[in-house]
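> here is my input, please return the structure:
(chains A and B)
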Amino acid sequence: MYDAVVVGAGISGLTNALVLASFGKRVAVVERAPQAGALLRGFDRWGVHFDTGFHYAGGMAAGEGVQRFFSFLGIADQLNIIPMRQNCFDRIMTTDYRINLELPVGAESFVAALVAEFPAEREAVTRFVADLLQVADNLPYLNMYTQAIDASVFAVVEDVSLADYLFQLTSNQRLRQVLSLHCVLHGVPAARVPFRFHASVIGPYIRSASIIEGGGQALIAAMEKRLHDCGVDLLCSQQVIRFHLSAADRIDGVELADGQMLECKVVVCAAHPGCVIDCLPTLMLRPVYRKRLQGLHETSSACLLFARCRRDVELLSGSNLYVLDVDSPHKQRFPFDNNMCYLTAANGRNNNGFMAIVPAYYDNFTPWNDSLTGLRPAAYYAEKQNVTQLLLQRLEKAVPQLDNQIDRCELATPLTLRDYMYSSDGALYGAQRQVDDYPLQATTRVEGLYLSGQALVAPGVMGAMVSAFNSCGVILGRDRLIGELKKCN
Amino acid sequence: MTEQEIIETINAALVEEFELDAADMKPELSIYQDLGLDSLDTVDMVIVLEGAFKFKIREEAEIKQIRTLGDIHKFVQRKLNAEA
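Numbering: from 1, shown residues only, chains lettered A, B, ... in the order given. Here you go, the predicted structure:
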C-alpha cells in the first residue's frame, strides 16, 4: 500500500516523489520509458555526449530558489553548479551580421548590453527587464513569500501576449524580434504566450544562468540515488492504464498495463494532463473539464540537429547562441514556421559538438505518422536529408565559426521527439499555456487525484520543479511545505 | 437575445457541460448546495459561459459572489447589457 503513486518520472514526477517521501510518505513512481528522465539522460554518438534535456537554468546560484530545492530534496551536495559565461550567457546574432549581441548576467548589465545595440530604446529595454524580473522574482516556492499559484486563476488569464506587450513597448521591429527569441525555451509563439508566463521562464536567467557539471545525467543520477535512499519504488517500462476508485469515488489505486494493481491514497499525474481522461471512468469528469484536457494545445515541435565538430567551438563554451534569420530565403522550402535557430554546446564539458534547435511543424512529417523510430520509409529519410542540408547551409553561412567545422551530424524530427518522449505531436514541452486559457490547477474533482508537471506552471527543470512543489503544497499543505523549505539553504 | 433566450442558453450549456438535470434548472436553487458544483467548478463555469456567449469574463469579484442559478442569469444579462 502506497501513500502516493506518481505517474511519470521526468523532473516533475521525481521531484513530487522526493518531496512526498521527505514527509514520510511511501511513494512509487511509474514511468513508461525504460528509464527515469529519458530526455534528461541524453545520448552518446561519435564519441560526443548530447545533453538533450538540460541546457541551462536560472535560479541555481547559491541562495537562489532552485538551489534551495536541491538542498530540500537532499541532492545539493551531489550537484556541482557551474555558472555560464557571466559576460555572455546568451549571444544573439542576425544572419545579416549586423547584430552580434552578448547578453550578460545581472539586470543592469543585461539592460546595458541591449541599450548598446538599440541606443534609442533605453526606456523600452529598461521597462522590459523590470517587468520580466517583477514576475521572475516572485515565482511561488522559488520565492517563499509569494502567494500560492492557485490563489487566483483570473489574474493569470487576464494577461496579454508577449507580442501585444512588445507592440505596446516599442515600435522597433528588430528589438521586438530579438526579445521574442527566447520563446524557443517554452515552445509557445510570441503571439500566443502570456507575457507573465514568458517572464516566469525567461526572467530567472537574467539573475543567474548556470549548468550542472555532468548535465541532465548528473541531475537524474542524483535524484535516482536519493529516491533509492528514501525508499521510493521506481517502476520503469510500466504504464498506468487506470485509476482505481473506491465506492466513495476516491482514488484507491492504479492499474498497470501488465495487470498489476498498486494500492494508494493519492495519485499525482506528472505526465501529460490529457492522460487523465483515459485513466478514469467517463462520468468522473465533467464534460467541460474533459474538453479542457482534450483541447490543450501542444507546444511547438522542432527539428534538432546533433553535430560533431572538427575543433572545439569556442563560441558555444558557456554560452548559448540564438540566430535570428532576417533574410530567410528558404522560407518556402523549410518546414519551419520560425525565423530562428537556437544552438547550445552538446554538453557542459566539451565543445566539440552542439545541438541546434529549430521550431518546426509536426504536420510536415505526418505522411510518416504511423512509422516508428528506426523503421521509417525511404521518403522520410530523404526529407530528413533535405532538411539537414538546408539547416547546415543556413548555419554555416550565419555562423562563420561553424563553416566547414561540422564533420558528423544527425537530425531528429518531430516524429523522433514524439517516439522518444511520448509527447503527442512531438511537442518540445508538452501542453502549452496560451493567452485566454485558464491554467489547470493541481487539484481535480476526483478526491486523491492531483495534477503536476510543466503544463501547470512552466517548462524546463526550474518550471517542472516549481510545479512539483506547488502540487505537493496542495497535497501536504502549503505552509507546512514552505516551513520545511525555509529550513534549507 | 431576449431575457428568456439568455436564460435558456445558460441553462442548456450548464446542463450539458456539468451533466445536470434540466428539471433542476430553477433560478432560486444554489449552484453549490442544490446543483452540486464546488469551488473547483467555478473556473469551468466561467469557461462554459464564455463559450456560450463568446465574451471574456474577467469579473472575478462578481463571479465569487454568485450563489444561485438566478445570480448567473443576472450576471450574464448585466454583462450583455454593458456590452450592447
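
> tell me the residues of chain B that contact chain A?
Within chain B, the positions near chain A by Cβ under 8 Å from any Cβ of the partner chain are B:16-19, B:38, B:40-41, B:43-44, B:46-48, B:56, B:58, B:60, B:63. Just so you know, the C-beta spots here come from the backbone N, C-alpha and C atoms, and that holds for glycine as well.

> which members of those residues are the farthest-apart pair?
B:19 and B:58 (27.0 Å; Cβ to Cβ).

> show me the helices in chain B, by range?
Taking DSSP state H as the test, the helices found in chain B are B:3-18, B:41-53, B:60-65, B:69-83.

> quick check: residue A:420 touching residue A:39?
Yes. Contact criterion Cβ atoms under 8 Å: residue A:420 and residue A:39 qualify, at 7.4 Å.

> comparing the two, which residue is more hemmed in?
More neighbours surround residue A:39 than the other of residue A:420 and residue A:39, with 20 against 16 (other Cβ atoms under 10 Å in any protein chain shown).

> all strands of the stretch 151-300 of chain A, in order?
Ranges of strands in the stretch 151-300 of chain A, per DSSP state E, counting those that start in this stretch, are A:210-212, A:233-235, A:240-245, A:251-256, A:261-269.

> residue A:393: which of those is closest?
With distances scored as Cβ to Cβ, the stretch of the strands of the stretch 151-300 of chain A nearest to residue A:393 is strand A:210-212 (29.6 Å).

> ends of stretch B:37-45, how far apart?
Start-to-end span of stretch B:37-45 (Cα to Cα, to the nearest Å) is 9 Å.

> what's the mean pLDDT across it?
For stretch B:37-45, mean pLDDT rounds to 89.

> ok, and what's touching it?
Here stretch B:37-45 makes contact (Cβ atoms under 8 Å, 6 or more residues apart in numbering or on different chains) with A:153, A:286, A:288-289, A:292, A:438, A:441, A:443-445, B:14, B:17-18, B:31-32, B:63-64, B:72.

> at 7 Å instead, please
The set of residues external to stretch B:37-45 that reach it, using Cβ atoms under 7 Å, 6 or more residues apart in numbering or on different chains, is A:153, A:286, A:288, A:289, A:438, A:443, A:445, B:18, B:31, B:32, B:63.

> buried ones in it, by neighbour count?
Within stretch B:37-45, the residues that qualify as buried by neighbour count (16 or more other Cβ atoms under 10 Å in any protein chain shown) are B:37, B:41, B:42, B:43, B:44, B:45.

> ok, now stretch A:9-27?
The neighbour-count check on stretch A:9-27 (16+ other Cβ under 10 Å) flags A:9-23, A:25-27 as buried.

> average pLDDT for that stretch?
What stretch A:9-27 shows for mean pLDDT is 97.

> over to stretch A:289-302?
What stretch A:289-302 shows for mean pLDDT is 90.

> check the separation of the first and last residues in it.
Terminal-residue distance, stretch A:289-302 (Cα to Cα): 29 Å.

> hmm, back to that, point out the most buried one among the helices of chain B.
Ranked by mean neighbour count under mean count of other Cβ atoms under 10 Å in any protein chain shown, the helices of chain B are led by helix B:41-53, which reaches a mean of 19.

> got the angle for that helix vs helix B:3-18?
For helix B:41-53 against helix B:3-18, the angle by axes from the mean of the first three to the mean of the last three Cα atoms, to 10 degrees is 130 degrees.

> shaky segments in chain A?
Applying pLDDT under 70 to chain A flags residues A:148-158, A:328-338, A:489.

> quick check: buried residues in the longest helix seen in it?
Using DSSP H to define each element, chain A has its longest helix at helix A:378-398. The neighbour-count check on helix A:378-398 (16+ other Cβ under 10 Å) flags A:380, A:383, A:384, A:387, A:388, A:390, A:391, A:392, A:394, A:395, A:398 as buried.

> may I see those arranged in CSV, with distance to chain B as well?
Below are these laid out as CSV (distance: Cβ to the nearest Cβ, whole Å):
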residue, distance to chain B
A:380, 39
A:383, 39
A:384, 41
A:387, 39
A:388, 43
A:390, 41
A:391, 40
A:392, 46
A:394, 40
A:395, 43
A:398, 41
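
> what's in contact with the longest helix of chain A?
For helix A:378-398, contacts defined as Cβ under 7 Å, 6+ apart pick out A:93, A:95, A:303, A:305, A:323, A:330, A:333-335, A:341, A:356, A:358, A:368, A:371, A:402-403, A:406, A:409, A:411, A:413.

> what do you get for stretch A:243-260?
A:5, A:30, A:238-242, A:261-267, A:279-280, A:284, A:446-449.
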